[in-house]
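build the 3D model from these lines:
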Amino acid sequence: MGLLDDKVVLVNGGSQGVGAAIARAAVREGAVVAVTGRRPGPGEDLVAELTASGGKAMFIRADLSDAEQARTAVGDVVAAYGRIDCLVNSAGLTSRGTLLDTTPELFDQHIAINLKAPFFAMQAAVADMVSRRSPGTVVNIITSSAHGGQPFLAPYVAAKAGLMGLTRNAAHAHRWDRVRINGLNIGWTDTEGEDSTQKTFHDADDDWREEAAAKLPMGKLGQPDEIADFVVLLLSERSGVVTGSVIDWDQNVLGGLD
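Coordinates of the predicted model:
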């Protein structure tokens, strides 16, 4: 028995990085999985990988900066499988900007991807769960930076802090519908996207991971497969009644000082 046997799971931003790891873990635990992404190549490659291993998966091409596409993706899952049981909002934009140099355009991009898309994806998914009077679960991938973050992450922090509040608000609103909604504040994570970010914005060399790991308490960056296992637990009935929790999944202790 898998933790997600026969559950229909949509992973937004699921074609690479943490999202892809979550999709793999969900299929391993028995779920039918749909993943969204802007680029067909990585998404279709992932679906081919998942189906080759005996899983059931589909790719939905969607630009989540468009709220209507975020809602439509949920509709596509319901049309294909008759329902949606679990939603993971894993898509994220991490382009840099400070309070002083962030443009309105950059700010709007962060709000669109990091807050508006999860809002309207949840709206559509929870509407399906409520209409069927069926329990469901949502996990929002947030960030430990939502507590404050670095100066160069101002618009990112603003949007993700909003998602942290939204997670709790939606969980409270739909607790009597038995829809559990939780969030995960992940720390610095080893993904393809982070590799691109380090090289684009911080002039990092190819060995930046090793240098970063040496400065971290556990001697490594966060690993997508470890995060994925935690997300699957939150999606599953094994996480019990927990809802409205935003869990700090990081090796730096909030409030701890040296």
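
report the mean confidence score over the strand or helix carrying Leu163.
Assessed by DSSP states H and E, Leu163 sits inside helix 154-173. Per-residue pLDDT over helix 154-173 has a mean of 98.

what of stretch 121-128?
pLDDT averaged over stretch 121-128 gives 98.

just the buried residues of that stretch, please?
121-122, 124-126, 128 (16 or more other C-beta atoms under 10 Å). Quick note: C-beta positions are derived from backbone N, CA and C, even for glycine.

which outside residues touch that stretch?
With C-beta atoms under 8 Å, 6 or more residues apart in numbering as the test, stretch 121-128 has contacts from 10, 12, 64, 70-71, 73-75, 78, 83-84, 87, 89, 136, 138, 166, 170, 174, 177, 179, 181.

can you rerun that using 6 Å?
12, 70-71, 74, 78, 84, 87, 89, 138, 170, 174, 179 (C-beta atoms under 6 Å, 6 or more residues apart in numbering).

stretch 229-237 too?
3-4, 22, 25-26, 29, 86, 137, 139, 182, 239.

residue boundaries of the helices in the stretch 1-150 of the chain?
Under the criterion DSSP state H, counting those that start in this stretch, the stretch 1-150 of the chain carries helices at the ranges 17-28, 40-52, 67-81, 104-111, 117-131.

mind listing the helices for the stretch 151-258 of the chain?
154-173, 192-201, 208-214, 224-235.

now the third one: buried residues?
Under the neighbour-count criterion of 16+ other C-beta under 10 Å, helix 208-214 has 208-209, 212 buried.

alpha carbons of that helix, as PDB, please.
This file holds the C-alpha atoms of helix 208-214, laid out as PDB (Å, rounded to 0.1, in the frame of the first residue of the first chain):
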ATOM      1  CA  TRP A 208      29.400  26.500  -6.000                       C
ATOM      2  CA  ARG A 209      27.500  23.600  -4.500                       C
ATOM      3  CA  GLU A 210      30.600  22.200  -2.700                       C
ATOM      4  CA  GLU A 211      31.600  25.700  -1.500                       C
ATOM      5  CA  ALA A 212      28.000  26.300  -0.200                       C
ATOM      6  CA  ALA A 213      27.800  22.900   1.500                       C
ATOM      7  CA  ALA A 214      31.000  23.500   3.400                       C
END
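
packing partners for that helix?
Here helix 208-214 touches no other helix or strand, going by 3 or more C-beta pairs under 6 Å, 6 or more residues apart in numbering; DSSP states H and E.

Thr137 and Cys86 touch, don't they?
Yes. With contact defined as C-beta atoms under 6 Å, Thr137 reaches Cys86; the gap is 5.0 Å.

Val130 - how many residues pack around it?
Val130 sits with 14 neighbouring residues when counted by other C-beta atoms under 10 Å.

chain center to stretch 225-236: distance?
11 Å (C-alpha atoms, centre = their mean, to the nearest Å).

could you list the buried residues of that stretch?
227-236.

what's around the closest residue to Lys56 other than its chain neighbours, how many residues?
Nearest residue to Lys56, sequence neighbours excluded (C-beta to C-beta, 6 or more residues apart in numbering): Val32, at 4.4 Å. Close neighbours of Val32, defined as other C-beta under 10 Å, add up to 21.

pLDDT wise, what is Val32 at?
98.

same check on Lys215?
In this model, Lys215 carries a pLDDT of 88.

contact partners for it?
The contact partners of Lys215, by C-beta under 6 Å, 6+ apart, come to none.

ok, it to Val8 distance?
Lys215 sits 41 Å away from Val8, going by C-beta to C-beta, to the nearest Å.
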